[in-house]
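Colleague: attaching a predicted model along with its sequence, questions to come.
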There are 2 protein chains.
Amino acid sequence: MGEASVRPRAAVVVTGSELLTGAISDRNGPWVARELGGLGFEVSHVLVVGDRPDDLAAALRFAADAGAALVVTSGGLGPTADDLTAEVVAGFAGVPLELDEPMRAHIAAILAAWAARTGFDGPALEEANRKQAMVPRGAVALAPVGTAPGLVVRTAGPLVVVLPGPPRELQGMWPAALASEPLAELLAGVPRAASRSLRYFGLPESEIAATLRELDVRDVEVTTCLRRSELEVDLRPRPGAEDTAAALASELAQRHARHLVSADGAGTDELVAAGLLAKGATVATGESCTGGMLASRLVDRAGSSAYVAGGVVAYSNEAKTALLDVPAELIAAHGAVSPEVARALADGARKRFGADVGIGITGVAGPDGGTAAKPVGYVCFCVTTGDGLVLARDPQLPGGRADVRERATDVGMHLLLRAVRG
Amino acid sequence: MGEASVRPRAAVVVTGSELLTGAISDRNGPWVARELGGLGFEVSHVLVVGDRPDDLAAALRFAADAGAALVVTSGGLGPTADDLTAEVVAGFAGVPLELDEPMRAHIAAILAAWAARTGFDGPALEEANRKQAMVPRGAVALAPVGTAPGLVVRTAGPLVVVLPGPPRELQGMWPAALASEPLAELLAGVPRAASRSLRYFGLPESEIAATLRELDVRDVEVTTCLRRSELEVDLRPRPGAEDTAAALASELAQRHARHLVSADGAGTDELVAAGLLAKGATVATGESCTGGMLASRLVDRAGSSAYVAGGVVAYSNEAKTALLDVPAELIAAHGAVSPEVARALADGARKRFGADVGIGITGVAGPDGGTAAKPVGYVCFCVTTGDGLVLARDPQLPGGRADVRERATDVGMHLLLRAVRG
């Protein structure tokens, strides 16, 4: 959607050769980008680079050239020789690295406690300690959450905030970074973003695109994305265009009301939890193909013990009968993957756990086991409640085994939402 | 580890403003990077950029400047106005976009089938169809897996492969991209990588770093990363240094044998599955704090019905007793989070499901519920088998609720591995 933004730009540079071999996915880029967006920055790029000094330096220059006022880096502060971020950032700022003696002592104390607990000790640790206490001259050092300190480094170009790679350490250090004098000073000049977010289930992106073309939206940046089978529509107004964004949000909510999950950014999981709590109800699961994913989604939230009674993963027919009282004759008559068995799983889970709401899921996740009548991706869902509500679906879900199981979990959560909303 | 690589470089450019708001994590960058590494490229960067033409163009120039022979892009091929990849790549190549009429007809047929199924139809779809069939002059168009075709575009600089954003479509189109004439020609000149990978559990990165310093490794690029609580050590030899890498792998396996999971890259989940299959054994889970995550991990693999009997998520004390026969007096005497209850959960799961191996997990995931004696992160594990094996652990796991649950699932899988390895 048109208009250039007047918000200051920021970039994220994530280091780690292991992220370029595909061994693991970067979790820090999205996390930092979201924080920066919330603070009012326009995030121009997330760059993932290997542990090669030239490539990291090039990434910093690229971010500066793209007009970033702030660059946040993650990773490369570890004890191994290929962890070079502090050195490269010092070079970018044109200052030398110096041993920060109080920081060295601070890290030494952390390492000593760890060595005592694990039995690892000796020269490897000492080397790590010294390396991790090297700080670019004039930089603000942030106290370690693990063993690596963070850095806030002023340069001729963007302010550079250097954070460790482990997500727990990075996130734990973030408040201290925000409170550091150079970053606090920068933030004082950034107008806060007032973004809005709508969520839909079962609505194709092309429908939103058509509505936006028709309304000829200006001064609001609109992005859409599919997230756990929901279409999320984010509206970010330019400073001063907050009313335009609010009007657009109402319009989008009205036009596609049938598919709307929420107009305030609340996701299905949050709404299911709120709905169960409001009713004082508990839920129990009887899962086959999703194998515990739905139970795990329900338990993800803190405080879930108030509304999750429990669940059974009944992968075999014997388990369905023994643990959830699904009659063996029902399975014989309709097959383990059938609307009838889904309903029996829901009822069985609800009764065995003494819950108010039960959900049953049984399907063909693949890659094997599909038939012409019940191909891979055919999944049966049923939600039943103690007061007689029955909601059933048996869609054909696209994709391979992992896709089918993920989408089935999404559909299960949405069916629960319909049940608990009333 | 030192030495510049002689492998040709490749870069990945992932587009999508939603990836910069932190709404979702990029799955394509790591996937494509892994494929490219396997083909013998050195992946220099993964760049995530928003749906802004200037930023995407700058990213392509940056990749070219970094010496990339190949750039793979993902996303930005959708029906909305902010999906601009084809246009920007055409500009980068210096050629116009042209309507590919056979492709338009092909997409129209896909959309018609979809419209018939969902009830969505009309001008929004027609517009999408035309837009998605625009192809840079001279480019190879790849048949859609969803509705968006891919592109292979020759430029004065790197070869650019343009793929759709949905991971299922991107991965589905990958074989066709590899088989396309321009990419096949490029690949013919790339020496294949012979990378090796070792995995450890419970070994700190600093120990590997110390060993590598001592051995003074050359011509092998070594990267380490933590992945599902395992330390993965990847060795990538320069062409010709394959023997050096093999010797290094043996040395690393020997020196840290006590913590070695595998010396051939096999992960715990794979080894647990193989171990159960080799014994002809089945496993059942009794989970509290992990809430189904362990069952779901076990079911992740295709063919898991051969060795997964099922599981119970027994979140409440009543459920532990009713579903898994944990004596109420045992819970009263030792608390729901105790080694005794973990063992009873394992035995209960094993017996109720008629399985050969049972695993019980009960812990304090937080954020509430911790005490001085049993703080947040305290988790009790037990694996029992029909022939009398008992393996128990009760570690204190670091981090918040999500960390504790994830690590507990990792520890559970490792304990299962110990049990099935014998």
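Modeller: Perfect, thanks for sending it. Numbers count the residues shown, from 1 in each chain, chains lettered A, B, ... in the order given.
Colleague: so which residues on the stretch 301-422 of chain A come close to chain B?
Modeller: A:302-305, A:308-316, A:318-319, A:322-323, A:352-354, A:366-368, A:398-403, A:405 (C-beta under 8 Å from any C-beta of the partner chain). Where C-beta positions appear, they are placed from N, C-alpha and C, glycine not excepted.
Colleague: how much space between A:Ala86 and chain B?
Modeller: According to C-beta to the nearest C-beta, to the nearest Å, A:Ala86 and chain B sit 16 Å apart.
Colleague: so what touches the host helix or strand of A:Val12?
Modeller: Per DSSP states H and E, A:Val12 falls inside strand A:9-15. The contact list for strand A:9-15 (C-beta atoms under 8 Å, 6 or more residues apart in numbering or on different chains) reads A:26, A:28-29, A:32-33, A:36, A:41-51, A:56, A:59-60, A:63, A:66-76, A:85, A:158, A:165.
Colleague: out of the residues you listed, which are buried?
Modeller: Buried members of the contacts of strand A:9-15, counted by 16 or more other C-beta atoms under 10 Å in any protein chain shown: A:26, A:28-29, A:32-33, A:36, A:41-51, A:56, A:59-60, A:63, A:66, A:68-76, A:85, A:158, A:165.
Colleague: how close does A:Met173 sit to A:Gly75?
Modeller: Distance, A:Met173 to A:Gly75, by C-beta to C-beta, to the nearest Å: 13 Å.
Colleague: mean confidence for the longest helix seen in chain A?
Modeller: As assigned by DSSP state H, the longest helix anywhere in chain A is helix A:401-421. Averaging pLDDT along helix A:401-421 yields 94.
Colleague: list the buried residues for it?
Modeller: Here helix A:401-421 shows A:401, A:403-417, A:419-420 as buried, counting by 16+ other C-beta under 10 Å.
Colleague: what strand or helix carries the nearest residue to A:Ser25 once chain neighbours are set aside?
Modeller: Excluding the flanking residues, the one nearest A:Ser25 by C-beta to C-beta, 6 or more residues apart in numbering or on different chains is B:Pro30, at 4.8 Å. B:Pro30 is part of helix B:28-39, with elements assigned from DSSP H and E.
Colleague: what packs against that helix?
Modeller: helix A:17-20, strand B:9-15, strand B:42-49, strand B:68-74, helix B:167-179 (3 or more C-beta pairs under 8 Å, 6 or more residues apart in numbering or on different chains; DSSP states H and E).
Colleague: can you show me the strands along the stretch 151-300 of chain A?
Modeller: Counting by DSSP state E, counting those that start in this stretch, one finds strands in the stretch 151-300 of chain A at the ranges A:159-163, A:196-201, A:220-227, A:230-237, A:260-262, A:283-287.
Colleague: ok, the fifth one: who's next to it in the sheet?
Modeller: In its sheet, strand A:260-262 lies beside strand A:196-201 (antiparallel), with partners assigned from DSSP bridges.
Colleague: which residues are in contact with the strand it pairs with?
Modeller: Contacts for strand A:196-201 (C-beta under 8 Å, 6+ apart): A:208, A:229-235, A:245-246, A:249, A:252-253, A:256, A:259-268, A:414.
Colleague: could you do stretch A:102-114 as well?
Modeller: Residues from elsewhere that reach stretch A:102-114 (C-beta under 8 Å, 6+ apart): A:120, A:125, A:128-130, A:132-133, A:135, A:141, A:143-144, A:146-147, A:149.
Colleague: mind doing that once more with 10 Å?
Modeller: Under the contact criterion C-beta atoms under 10 Å, 6 or more residues apart in numbering or on different chains, stretch A:102-114 has outside partners A:79, A:100, A:120-121, A:125-126, A:128-135, A:141-149, B:204, B:206.
Colleague: among those, which are in strands?
Modeller: Per DSSP state E, strands hold the following members of the contacts of stretch A:102-114: A:134-135, A:141-142.
Colleague: tell me which residue of chain A is furthest from the middle?
Modeller: A:Glu329 (42.7 Å; C-alpha atoms, centre = their mean).
Colleague: please identify the helix or strand for that residue.
Modeller: Counting by DSSP H and E, A:Glu329 is found in helix A:328-334.
Colleague: between the helix or strand following that helix and strand A:283-287, how many degrees?
Modeller: Moving toward the C-terminus from helix A:328-334, the next helix or strand (DSSP H and E) is helix A:339-352. Helix A:339-352 and strand A:283-287 are oriented at 140 degrees to each other (axes from the mean of the first three to the mean of the last three C-alpha atoms, to 10 degrees).
Colleague: buried residues in helix A:339-352?
Modeller: A:339-350, A:352.
Colleague: and for stretch A:112-130?
Modeller: A:120, A:124-125, A:127-129.
Colleague: so which of the residues you listed are also by chain B?
Modeller: A:120, A:124-125, A:127-129 (C-beta under 10 Å from any C-beta of the partner chain).
Colleague: for these, which one is nearest B:Phe92?
Modeller: Of all those, B:Phe92 sits closest to A:Ala128, with 43.6 Å by C-beta to C-beta.
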